[in-house]
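K.L.:
Sequence below, structure please.
(chains A and B)
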Protein chains: 2
Amino acid sequence: MAPTQLEIKVKALQRLVKEEGFYQQELKDQTDYVEKLRKDSSVDPYDLKKQIEVQQDTERLLPTLYKKIGEFKENLEEYLKTYQGNESLDDANKIIEEADNLIASQ
Amino acid sequence: MAPTQLEIKVKALQRLVKEEGFYQQELKDQTDYVEKLRKDSSVDPYDLKKQIEVQQDTERLLPTLYKKIGEFKENLEEYLKTYQGNESLDDANKIIEEADNLIASQ
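P.N.:
This is a model prediction of the structure:
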């Protein structure tokens, strides 16, 4: 069955929120690892520098992602304002709230 | 126990190769989804356009990642040339081969 426009918009936002969770976990793991290497005086400076670069590469992804989460969320909210259908809005409201929390935590 | 320099370099490359697998899976899922939306004439052009943008955002990550995989691989290979320790080189050789395959598939 073809997805409804509501389903497409909800799924779009859910997908980005899931991605954000993944990137944040990656970033946390990498930040912890860099800290561990920093504390170890036997670590080669080149290796430490390279791991900091990996951390920065992940950090660099986040602004674009938050911008897009905001955009998709606003589009879904706009759509709901004039929505006349009978579908449940539970998933839509839930993901809008999650997106709001993510953006607020920035 | 502090990681050895060999362990750090092997882990660095393993981490990037794992990331590459994740991004490629994301990209495949998103590409399939865009194709599905494209075939559905009821899909709103805005929604399709936005999903193509998400696909492109993921695609845009890959060149930096492949460049870094190549760099980390070469650094590990250089290190092995003069390595005099007693650690097993199995993990190192395995991840170098995986990295070579990824780069060759580009």
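K.L.:
Excluding chain neighbours, give the residue nearest to A:Lys11 in space.
P.N.:
Nearest residue to A:Lys11, sequence neighbours excluded (C-beta to C-beta, 6 or more residues apart in numbering or on different chains): A:Pro3, at 7.1 Å. Every residue, glycine included, has its C-beta placed from N, CA and C.
K.L.:
Please apply the same query to A:Gly70.
P.N.:
The shortest distance from A:Gly70 to any residue other than its chain neighbours is 5.8 Å, reached at A:Ile103 (C-beta to C-beta, 6+ apart).
K.L.:
ok so, going back, list phi and psi for the residue nearest to A:Lys11.
P.N.:
phi -70, psi 150 (degrees, to the nearest 10).
K.L.:
hmm, back to that, give me the neighbour count for the residue nearest to A:Gly70.
P.N.:
A:Ile103 has 14 neighbours, counted by other C-beta atoms under 10 Å in any protein chain shown.
K.L.:
For chain A, which helix extends over the most residues?
P.N.:
The longest helix of chain A (DSSP state H) is helix A:45-81.
K.L.:
Would you mark the buried spots in it?
P.N.:
A:47, A:50-51, A:54-55, A:57-58, A:61, A:65-66, A:68-70, A:72-73, A:75-76, A:79 (16 or more other C-beta atoms under 10 Å in any protein chain shown).
K.L.:
Name the residues of chain A found near chain B, please.
P.N.:
Within reach of chain B by C-beta under 8 Å from any C-beta of the partner chain, chain A has these residues: A:2-3, A:5, A:8-9, A:12, A:15-16, A:19, A:22, A:26, A:30, A:37, A:40, A:42-44, A:46-47, A:50-51, A:53-54, A:57, A:61, A:64-65, A:68, A:71-72, A:75.
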